[in-house]
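**Student:** with the sequence up front, the predicted model follows.
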Amino acid sequence: MRADLLARIPPPGAYPLVLVHDPDGLLDPPARQTLAERGFRLLDWDENLRGWGAAMALRPWRPDAPLLIVSARPLEELPYDLWAQGHRV
């Protein structure tokens, strides 16, 4: 199952910003470790102001070191500037 889940996430280099809706917490620590080893910088989204500040601190988002934001909330609830720029999974 983990392989199926990870296959849905585009490879690093495809997008500088990837947004993942994970309401059930399927991205467990081993899956997150695999993503980090692939070159993703991971950010858990818990609230708009703190999450937005953390995402801005990790700018510039680059295809060679993409930012992957994981949110249990619907992606439409993310700030528009992130939602519009990110590849949504």
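**Tutor:** Perfect, thanks for sending it.
**Student:** for stretch 59-69, list the C-alpha coordinates in PDB.
**Tutor:** Below are the C-alpha coordinates for stretch 59-69, written out as PDB (Å, rounded to 0.1, in the frame of the first residue of the first chain):
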ATOM      1  CA  ARG A  59      11.300  29.800  -0.200                       C
ATOM      2  CA  PRO A  60      12.500  29.700  -2.900                       C
ATOM      3  CA  TRP A  61      10.700  26.500  -3.800                       C
ATOM      4  CA  ARG A  62      12.900  24.700  -6.300                       C
ATOM      5  CA  PRO A  63      12.400  21.600  -8.400                       C
ATOM      6  CA  ASP A  64      15.700  20.200  -7.200                       C
ATOM      7  CA  ALA A  65      14.600  20.500  -3.500                       C
ATOM      8  CA  PRO A  66      10.800  20.600  -3.700                       C
ATOM      9  CA  LEU A  67       8.500  21.500  -0.800                       C
ATOM     10  CA  LEU A  68       5.800  18.900   0.000                       C
ATOM     11  CA  ILE A  69       3.100  20.300   2.200                       C
END
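**Student:** from the chain's centroid, how far away is it?
**Tutor:** 9 Å (Cα atoms, centre = their mean, to the nearest Å).
**Student:** list the buried residues of the helix or strand harbouring A55.
**Tutor:** Element membership for A55, per DSSP states H and E: helix 48-57. Of the residues in helix 48-57, those with enough neighbours to count as buried (16 or more other Cβ atoms under 10 Å) are G51, A55. Every residue, glycine included, has its C-beta placed from N, CA and C.
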